[in-house]
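> from the sequence below, what's the structure:
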Amino acid sequence: MQDAVYSLQQFGFSEKDADEVKGIFVDTNLYFLALTFFVAAFHLLFDFLAFKNDISFWKKKKSMIGMSTKAVLWRCFSTVVIFLFLLDEQTSLLVLVPAGVGAAIELWKVKKALKMTVVWRGLRPKFQFGAYSESERKTEEYDTQAMKYLSYLLYPLCIGGAVYSLLNIKYKSWYSWLINSFVNGVYAFGFLFMLPQLFVNYKMKSVAHLPWKAFTYKAFNTFIDDVFAFIITMPTSHRLACFRDDVVFLIYLYQRWLYPVDRSRVNEFGESYEERPQQKPHTQ
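Numbering: from 1, shown residues only. So this is what the prediction gives:
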């Protein structure tokens, strides 16, 4: 056992992580332990497949038709904040590492969504943004409309929560208060920032533009996270967020059933069957 714990520490596990591993082996029922390892293996597999398909989808993505840019920006902000929070709380590496990888991917997706390119002039970078098509501007109108309604509710709640925590809770530092305020806003109300994408889907009566392969793997992992919420050490707010995401995924699945894909609707690459050039028949 000591050799195994030493090996974990060599791979970067902290003493807290090593103590958790020892506690699992000593205090946990053998069958429950086997189930934990089985679930953990599938969680890591689905994490990898979700990351792989998400990257593949966004590499091929040329248009933001039907995609909520503000939802992409919010996911980027929230995943970075959650990663910094988990890092500050010294969370288990099993939770921390996928969160870090996810944050890096979300930053890259923002660059793709904004059609951003970086031009270096000496040591000074200059950011350039691509133009949107007419269909993309229509999507942006729906996106802005949804965010306008949400802002009336969310901003006062988040600011009020941050002020309340500052006056009533003791923190290690100003940085710790700032990160906790951000992450509490993300956990408590962050799922509402997924609503602009649902609103865009409703307005366009289509879900063909979404990365459904990556979505499916993330959905599996969301339900696995429900199991992990009772096994792995993590902050209570992060544990509650696992169950909150279930509701959002179920709404996406309902829209998938409500708006079946047909050839007249845009696909995941921002184009429809009817817009593709017709091939001329071969002549003998």
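
> strands along the stretch 51-200 of the chain, start to end?
116-121, 124-129 (DSSP state E, counting those that start in this stretch).

> for the last one, give me every contacting residue.
Which is strand 124-129. The contact list for strand 124-129, computed with C-beta atoms under 8 Å, 6 or more residues apart in numbering, reads L114, K115, M116, T117, V118, V119, W120. (C-beta placed from N, C-alpha, C; glycine too.)

> can you tell me which of those is nearest Y142?
Nearest to Y142 out of the contacts of strand 124-129 is L114 (C-beta to C-beta; 17.5 Å).

> quick revisit: for V248, which of the strands of the stretch 51-200 of the chain is the nearest?
strand 116-121 (27.1 Å).

> next, Y259: phi, psi?
phi -120, psi 80 (degrees, to the nearest 10).

> measure how buried L250 is and give me the count.
12 (other C-beta atoms under 10 Å).

> and it, what element?
helix 236-258 (DSSP states H and E).

> contacting residues around K112?
Here K112 is in contact with W58, K61 (C-beta under 8 Å, 6+ apart).

> one more pass at 10 Å, please.
F57, W58, K59, K61, K62, M64, V72 (C-beta atoms under 10 Å, 6 or more residues apart in numbering).

> what is the neighbour count of the fifth one?
Here the number of neighbours of K62 (other C-beta under 10 Å) works out to 10.

> same question for the last one.
Applying other C-beta under 10 Å, we find 21 other residues in the vicinity of V72.

> wait, it touches I105, no?
No - using C-beta atoms under 10 Å, V72 makes no contact with I105, being 11.2 Å away.

> now do the shared contacts for these two.
Counting by C-beta under 10 Å, 6+ apart, the residues touching both V72 and I105 are W58.

> find the nearest non-adjacent residue to K218, please.
A50 (4.9 Å; C-beta to C-beta, 6 or more residues apart in numbering).

> checking the one you found next. Helix, strand or coil?
helix (DSSP: H, G, I helix; E, B strand; the rest coil).

> list the contacts of it.
By C-beta under 10 Å, 6+ apart, the neighbours of A50 are 98, 102, 105, 211, 213-221.

> which residues of the chain score low on pLDDT?
Scanning the chain with the threshold set as pLDDT under 70 gives 1-29, 188-191, 225-245, 261-284.

> if we use 50, what do you get?
263, 265-284 (pLDDT under 50).

> select the longest helix from it.
helix 134-168 (DSSP state H).

> just give me the neighbour total for the closest residue to W120 other than its chain neighbours.
With C-beta to C-beta, 6+ apart as the criterion, W120 has its nearest non-adjacent residue at 7.6 Å, and that residue is K126. By other C-beta under 10 Å, 9 other residues sit near K126.

> ok, now M204?
19.

> check L33 too.
Residues near L33, counting by other C-beta under 10 Å: 14.

> distance check, it against P98.
21 Å (C-beta to C-beta, to the nearest Å).

> just want the most central residue of the chain.
R75 (5.4 Å; C-alpha atoms, centre = their mean).

> distance of it relative to E106?
From R75 to E106 the distance is 5 Å (C-beta to C-beta).

> contact partners for L73?
Per C-beta under 10 Å, 6+ apart, neighbours of L73: E106, K109, V110, A113, L114, M147, F193.

> give me that answer again for 8 Å
V110, A113.

> repeat that for the one 3 residues further on.
With contacts defined as C-beta under 8 Å, 6+ apart, C76 is in contact with A103, E106, L107, K109, V110.
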